[in-house]
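Novice: Predicted structure and sequence below. I'll ask about it afterward.
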Amino acid sequence: MKNITNWPKNQRNKLKYIISIDPAGIGQTGIIIYNVLQKKIINNITFSSNSEEEAINNMYLILNEFKNKIC
């Protein structure tokens, strides 16, 4: 399922980061963090998990670590 948001032109400049989560397959999950101002990927992480719960916990850990770095 895709959820694509078309940002109005006057709000695009307010974006600082774009975070994309890709469930690449069974046991694999990828997180990409793109810095809009620098126009570059600042994080590209792929990790393996043994269960759905472990994958969700890993995503929260990675995203919380990122949040703590920028806040």
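Specialist: It's in.
Novice: make it CA atoms for all contacts and neighbour counts henceforth
Specialist: Will do.
Novice: So in this protein, where's the weakest helix or strand by average pLDDT?
Specialist: Here the helix or strand of the chain ranked lowest by mean pLDDT, DSSP states H and E is strand 17-25, holding a mean of 80.
Novice: which parts of that strand are buried?
Specialist: Tyr17 (16 or more other Cα atoms under 10 Å).
Novice: partners of that strand, with directions?
Specialist: Strand pairing for strand 17-25, determined by DSSP bridges: strand 28-35 (antiparallel).
Novice: can you give me the mean pLDDT across the strand it pairs with?
Specialist: Here strand 28-35 scores 90 as its mean pLDDT.
Novice: Contact partners for the residue sitting nearest the centre point of the chain?
Specialist: By Cα atoms, centre = their mean, the chain has its centre lying nearest to Ile19, at 3.1 Å. With contact set as Cα atoms under 8 Å, 6 or more residues apart in numbering, Ile19 has these partners: Ile31, Ile32, Ile33, Tyr34.
Novice: quick one: the helices in the chain?
Specialist: 52-70 (DSSP state H).
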